[in-house]
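> show me how the following folds:
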Amino acid sequence: MGGIGKTTLAQLVYKNIKVQQHFDFKVWVTISEEFDVFHITKRIYKEVTSQECISDDVFELQTKLNEALAGKRFLFVLDDVWNENYGRWDSLKSGFQSGAHGSRIIVTTRSKVVASTMCNVAMHELKLVSVDDCWQIFVKHAFVDNQAQTEELQKLGLEIVKRCKGLPLAVKSVAGLLRSTLNPEEWRQILNSDIWQLQFQENLKNKIVPALWLSYHFLPPVLKRCFAYCSIFPKDYAFKESDMERIILLWMAEGLLTPGKGKRMEDVGKAYLQALKSRSFFQPSGTDKSAMVMHDLVHDLAMFISGEFCFSCGDSNDLSNLGTKSCNLSYRKRSDDLMKLGAISQSREKKLMSLRTLLALPLSNGFPYDKPISLHELFLKVGGCLRVLSLSESSITELPDSIGNMKYLRYLDLSETSIKELPDSICTFYNLQTLLLSFCQDLERLPTRLAALVNLRHLDIRGTSIKEMPPQMCKMKSLQTLSNFVLGENDCWRIKELGEFPLLEGSLRISGLEYIADVKDVLEANLKDKKFLSELILEWGGDSNFTSSQQEREVLEALQPHTNLKELTILGYRGKIFPDWVGHESFCNMVKVYLARCRNVCIVPPLGRLSSLRRLVMVDLDGVVSIGNEFCGSSSTTTTNHPFISLEYLEFWGMNSWEGWSFSSDRLGQEGGVFPSLTELHICVCEKLIAGLPDCHIPSLKSIEIRFCDEMVGVFVCQSRREMDTNAFPSLQSIKIRECKKLKGLNGRAFQHLTSLRNLEIRNCRELECLPQEGLPLSLSSLRIEGCPRFLKQRCQRGTGEDWPKIQHIPKIHIW
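Okay, the predicted model is just below:
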């Protein structure tokens, strides 16, 4: 039975901490109706090895998978299996024969035949959930707080729960519907609805769960249309965060969003999406926390509602089944679907005449396709009604003139194609709202008359080779997304045009800032008032027009964004000091900062003041010699409570002049230290750095990696005035040291205090003479030393080496 909780139970097992620690490899694969041995094996291989297998031969693929699994304990979950053919199952499992004893495969299925075909142990058949447990689920999703649970609502709610017949998905869905109202009359209306007594033929045939149908029935009409449109996506499609944002643009292109007074259509779309999520039409994926999925039964409902009007190509849904009423069609990247569509367009069939959507899936990029396609006939046949056209990652290099027929087009996605230019006829698409050109690397210019697209709201040109913006961009008053704004040597003044786009949201990259001649032009860009921007990338490309460090600082000062900004990247800044807004405490929403190629900067900005900062990367700040209290946002005489309170990831790369840390004793002795939340530290290519870690308490640090630090003599600093605090790094589990030329030994007493250390890896440290006299921590479970002096290997020889007693307690030792 669907919706009873099979997948949820499997997810709980899969995510269990003890299970996570017990198996070397864990892979979750959603199978559904098409049991393709090759594709399933390929997905498992990719998860196990983190590599793509380019072979199309199933035997070769299974051989490689067996090699990767040799002697390893694995857990595979095959979710929602329908295959009853034992031969296919036998063929699939031949790829896992080399696994260690204790490996396990969990299969979820609605069919007892499938279970008996695949299992060699007793099957576990889930029973209907009790009324009491269903009530707990209902309460969790229907009531915002306990105060809302009036006696009348409780009685009505309990009767509704009983009507769900023990199906958790049904309970969750109807609870989400009731969450939006606390009116007892509305609850009573739902309880007494005839839909609970579904007996008519269509629903018996399609096995629509009454509670799901009820949730759909009581949706506002605008949400019904948006939900039905989602049937264009195949079953088990994983909607990433970027996909959910794209769905809103698709709804908008199809005219499914009804803008409210004073509200942007994008905000209306977000509200619609949230409403569908709250009613469990979308729910979190069990394997990817950032993704959403539609349950099979929910997808069946969407398919039933949309009928012939939506068509999703798939292995079990060939284009030969496409009907003349189909309005919305999705096809698969890396398949022959687009070529078949071209063939249909050249025939006398009228199947494509009514198309409003032609969409490439998946929406996320990463699936380039190299088979040639001809678009001319296709465009002639589908142009009349088309609102959405996606040719993302196809092999096209140019658009035919026949694209001019698509006068109603509102959404055009050509991302990651080899297209070299856009025809001028695109500038007549006055209804166009979304134009996606990201990573069209051969595209060097946009049409001169692009500004004629006055309804364009989203323009994505990331990763292109565009060298200048088309003229009169300021006329495009509707722009909400502008991924890049490129300045040239002769038109640097045009940065002021950004001032015409107060509603810009998402990410904005401004490049060519080295050409700026007048700071007044920058001030007119008015970045400070763009409150919807979440990411800002500022890029200087070279030494052109470089006059003074002071002028550079004034330019960056004028580029100050709104304090709502979440991510900031500064590339190639040529000043010596950052302006005051970089690191100002008012930027309390900032979660990520990336500073690179700022070679003249000599003082790091006070980023410790950013209370939400979680990730910080600094690359090629060649002028920085020391990092100390200024980094925290304080002088030597004053301290700010808890600097870097949220920082989890810190990386330094190519800091060629950096010699060490210089925090004051007051700062070092502060409770929680300088980095109270830091879990991961990377230090790479810092040639003059002597010690990797500051002499302070870093309570949350779990891993540190040090590479290519030529002058480094030790990971830890132990001042002569005192030994390292025995509790300085209580959480440190992993240390990796590579290519440190002057590292001769490890600080034994310091290592003895690392009671949580599990993994120690040292590679290509040619001067390393011996292991610490005091030995290594008893907690260590893995020691790997490679490319170090030969005599060190002799000292660690099993049973006879001088250092063997220091490491004999470690389960996994690799010295080469």
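
> going by C-alpha atoms from here, please, whenever you check contacts or count neighbours.
Will do.

> point out where the stretch 551-700 of the chain drops to low pLDDT.
In the predicted model, the stretch 551-700 of the chain carries pLDDT under 70 at residues 634-641, 665-672.

> please enumerate the strands of it.
Listed in chain order, the strands of the stretch 551-700 of the chain (DSSP state E, counting those that start in this stretch) span 567-571, 592-596, 615-619, 626-628, 649-653, 660-662, 680-684.

> in CSV: those strands, plus mean neighbour count and distance to A68.
Formatted as CSV, the strands of the stretch 551-700 of the chain follow (neighbours: other Cα atoms under 10 Å; distance: least, Cα to Cα, whole Å):
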stretch, mean neighbour count, distance to A68
strand 567-571, 19, 39
strand 592-596, 20, 36
strand 615-619, 19, 33
strand 626-628, 20, 44
strand 649-653, 19, 31
strand 660-662, 19, 42
strand 680-684, 20, 28
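
> and those: which comes nearest L453?
Nearest to L453, of all the strands of the stretch 551-700 of the chain, is strand 567-571, at 29.5 Å by Cα to Cα.

> the closest one: partners in the sheet, and parallel or antiparallel?
Sheet partners assigned to strand 567-571 using DSSP bridges are listed as strand 533-539 (parallel), strand 592-596 (parallel).

> identify the residues contacting the first one?
Residues from elsewhere that reach strand 533-539 (Cα atoms under 8 Å, 6 or more residues apart in numbering): 504-513, 561-562, 564-573.

> would you map the strands across the stretch 151-300 of the chain?
Applying DSSP E, counting those that start in this stretch to the stretch 151-300 of the chain gives strands spanning 283-284, 292-293.

> most tightly packed of these?
strand 292-293 (a mean of 22; mean count of other Cα atoms under 10 Å).

> contacts for that strand?
For strand 292-293, the external contacting residues (Cα under 8 Å, 6+ apart) are D236, Y237, A238, F239, K240, F282, Q283, P284, S285.

> tell me the secondary structure at L75.
Using DSSP: H, G, I helix; E, B strand; the rest coil, the structure places L75 in strand.

> in the chain, which helix or strand is least confident?
Using mean pLDDT, DSSP states H and E, the weakest-scoring helix or strand in the chain turns out to be helix 201-206, at a mean of 45.

> now the residue located most distally from the centre of the chain: how far from K812?
Ranked by distance from the centre of the chain (Cα atoms, centre = their mean), the top residue is T800, with 50.4 Å. Distance of T800 to K812, computed by Cα to Cα, to the nearest Å: 18 Å.

> assign the nearest residue to G71 once chain neighbours are set aside to helix, strand or coil.
Leaving out its chain neighbours, the residue that sits closest to G71 by Cα to Cα, 6 or more residues apart in numbering is A100, at 4.5 Å. Look at A100: counting by three-state DSSP, its state is coil.

> A100 is in contact with A68, isn't it?
No: with contact defined as Cα atoms under 8 Å, A100 does not reach A68; the gap is 11.5 Å.

> about what we covered before: let's have the strands paired with strand 567-571 in CSV, adding distance to E774.
Below are those laid out as CSV (distance: least, Cα to Cα, whole Å):
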stretch, distance to E774
strand 533-539, 49
strand 592-596, 40
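
> so which of those strands is nearest F74?
Closest of those to F74 is strand 592-596, at 35.6 Å (criterion: Cα to Cα).

> and the angle for that closest one with strand 649-653?
For strand 592-596 against strand 649-653, the angle by axes from the mean of the first three to the mean of the last three Cα atoms, to 10 degrees is 0 degrees.

> what's in contact with strand 592-596?
Outside strand 592-596, the residues that touch it by Cα under 8 Å, 6+ apart are 566-572, 613-621.

> separation between the residue nearest to A175 when sequence neighbours are not counted and P221?
Closest residue to A175 apart from its sequence neighbours, by Cα to Cα, 6+ apart: A142 at 4.5 Å. Between A142 and P221 the distance is 22 Å, computed by Cα to Cα.
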